[in-house]
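1. With the input below, show me the fold.
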Amino acid sequence: MSRTARPRCRAVLAALSCCVALGCGTGTVPQGGRPSPPPSAPRAAGPSVVTWASSAGHVGETAAGRGYRLMVRTSVGGSGLRVRLSNAFGDQPVTFANVHAGLRRGGAALVPGSNRRLTFGGHRSVTVPAGGMVYSDPLPGRVPAGRTLAVSMYVPRAAGALTGHWLAMQTSYKTVGDHAAEESAAHWKQRTGSWFYLDAVAVRPHEKTGAVAALGDSITDGWHSTTDRNRRWPDFLARRLRESTGTRVEGVANAGIAANKVLLDGPGQSALNRVQRDALSLPGVRTVFLFQGVNDIKAEPGATGAGLIAGYRRLIDRAHAAGKCVVGATIAPYKGWQEWDPAGEAVRRQVNAFIRDSGEFDAVADFDRVLRSPDDPERIRPAFDGGDHLHPDDQGMRAMADAVDLDSLDCGAGQL
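-> Take a look at the predicted model:
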């Protein structure tokens, strides 16, 4: 469960300005242990809020002449839809010649009349340099909440490293040639379980609406939830927020990466190195929800309690400096996973005591208490176990979302 949030906004006016900014921007290729720089973003015509996001990484090699139809789930509805295309991990420029957004009807087919062209600075194509990212112009019309949005794009020129998100838990589609404008599924036969280039979607919702960014690992990414059913714990949280009348937070950005760590790069940049791009730079984010650490603990050699706590403190300081609040979630039990040992369990308990009792987080969600077995607190509850003793199933994902105090998410610069 969560405490009452205690916002500590140190740069409130600057952060509020960032929350309403959404435009074109480029970044710099992330290198080693340096944090990723934020994209520069001109002010949009009204406050924008992230409705969907995923965390980018290097997912292989790209190729020219390919098309992608990417299925994503909106959390908050609104007008003026924009998409963010990322070449953050690319080593060569990428050209997007035809980008469309429409509503999914079924499979790769779209709702007739819903697929519309997106532009970039008024142009139908845009070239994104290595390490860069770009927002589209706002699209007229309203996008509903809780719907599957299909973002289709044609990439005529690309080479080198491919930027995307490997573990989508969602079926999308690939093709050869330019079929982005087509609403039928006729040319979209190749399925994929990853997202490519697209890493954020934003809309302009009703006034004073904000968002939360969930910074996490494979549990947040949704591993062992049901594919194509949107049953990751951030998805269940988005449903709760949509149904609530007591909070102004409706947008949910899933910033989970499988096997990700707080302290060290590995699969994806560490939380410390990606928090700016994957959470703080997203429009409308008021709160960062931090649920990471188990991969640091079970690594060989594993992180110490003091080292992981120091990493949490750095993340808290950076979020507070940006005018955001931070909710900390306790690390869930994982006995039975092949890398569990008593030494790691001792570190987990030490870190959880810090999360619960230090007062350094603005609020706490006690996922450990929710997921642990009443018969063995070092193990996940059997009814919530996805089968590997580490990742919760759909029921466990729902229980996690239900344990979040919604009021704790409505803080940060958005309170002004």
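
2. could you pull out the helices for the stretch 301-416 of the chain?
-> 305-321, 342-357, 367-371, 394-402 (DSSP state H, counting those that start in this stretch).

3. Please tabulate those in CSV and include mean neighbour count as additional columns.
-> Quick note: C-beta positions are derived from backbone N, CA and C, even for glycine. Shown next, in CSV, are the helices of the stretch 301-416 of the chain (neighbours: other C-beta atoms under 10 Å):
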stretch, mean neighbour count
helix 305-321, 19
helix 342-357, 18
helix 367-371, 20
helix 394-402, 20
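
4. would you turn these into TSV with mean pLDDT and distance to Gly266?
-> Listed next are these as TSV, based on pLDDT from 0 to 100; distance: least, C-beta to C-beta, whole Å:
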stretch	mean pLDDT	distance to Gly266
helix 305-321	98	14
helix 342-357	98	17
helix 367-371	98	22
helix 394-402	98	23
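
5. any idea how far the closest residue in space to Ile219 that isn't next to it in sequence is from Ala259?
-> The spatially closest residue to Ile219, leaving aside those adjacent along the chain, is His391, at 5.8 Å (C-beta to C-beta, 6 or more residues apart in numbering). For His391, the distance to Ala259 equals 12 Å [C-beta to C-beta, to the nearest Å].

6. show me where pLDDT drops low in this protein?
-> By pLDDT under 70, the low-scoring segments of the chain are 1-46, 412-416.

7. Now do the helices in it.
-> Applying DSSP state H to the chain gives helices spanning 12-19, 218-221, 233-243, 271-275, 294-297, 305-321, 342-357, 367-371, 394-402.

8. I'd like to know which of those lies nearest to Pro144.
-> Among these, the nearest to Pro144 by C-beta to C-beta is helix 233-243 (10.7 Å).

9. and that closest one, what does it pack onto?
-> strand 210-216, helix 218-221, strand 249-256, helix 394-402 (3 or more C-beta pairs under 8 Å, 6 or more residues apart in numbering; DSSP states H and E).

10. thinking again about what came up before, dump the helices of the chain to a markdown table, plus distance to Gly57.
-> Below are these laid out as a markdown table (distance: least, C-beta to C-beta, whole Å):
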| stretch | distance to Gly57 |
| --- | --- |
| helix 12-19 | 24 |
| helix 218-221 | 11 |
| helix 233-243 | 18 |
| helix 271-275 | 9 |
| helix 294-297 | 15 |
| helix 305-321 | 19 |
| helix 342-357 | 25 |
| helix 367-371 | 24 |
| helix 394-402 | 22 |
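
11. Now distance to Asp228 too, for the helices and strands packed on helix 233-243, in JSON lines please.
-> Shown next, in JSON lines, are the helices and strands packed on helix 233-243 (distance: least, C-beta to C-beta, whole Å):
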{"stretch": "strand 210-216", "distance to Asp228": "20"}
{"stretch": "helix 218-221", "distance to Asp228": "15"}
{"stretch": "strand 249-256", "distance to Asp228": "15"}
{"stretch": "helix 394-402", "distance to Asp228": "12"}
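
12. so which of these gets nearest Asp341?
-> Closest among these, once you apply C-beta to C-beta, is helix 218-221, at 19.6 Å.

13. and the closest one, how far from the chain's centre?
-> On the basis of C-alpha atoms, centre = their mean, to the nearest Å, helix 218-221 sits 10 Å off its chain's mean C-alpha point.

14. Please apply the same query to stretch 195-211.
-> 11 Å.

15. end-to-end on that stretch?
-> Terminal residues of stretch 195-211 are spaced 22 Å apart (C-alpha to C-alpha, to the nearest Å).

16. Tell me who's in contact with Thr95.
-> Residues near Thr95 by C-beta atoms under 8 Å, 6 or more residues apart in numbering: Ser125, Val126, Thr127, Val128, Val155, Pro156, Arg157, Ala158.

17. May I have the beta-bridge partners of it?
-> On the basis of DSSP bridges, Thr95 takes part in beta bridges with Thr127, Arg157.

18. For Gly113, see how far away it is.
-> 28 Å.

19. what about Arg231, how many neighbours?
-> By other C-beta atoms under 10 Å, the residues close to Arg231 number 20.

20. That one touches Met397, doesn't it?
-> Yes: with contact taken as C-beta atoms under 8 Å, Arg231 and Met397 are classed as touching, separated by 5.6 Å.

21. want to throw the helices of the stretch 301-416 of the chain into a markdown table with distance to Met169?
-> Below are the helices of the stretch 301-416 of the chain laid out as a markdown table (distance: least, C-beta to C-beta, whole Å):
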| stretch | distance to Met169 |
| --- | --- |
| helix 305-321 | 25 |
| helix 342-357 | 25 |
| helix 367-371 | 19 |
| helix 394-402 | 11 |
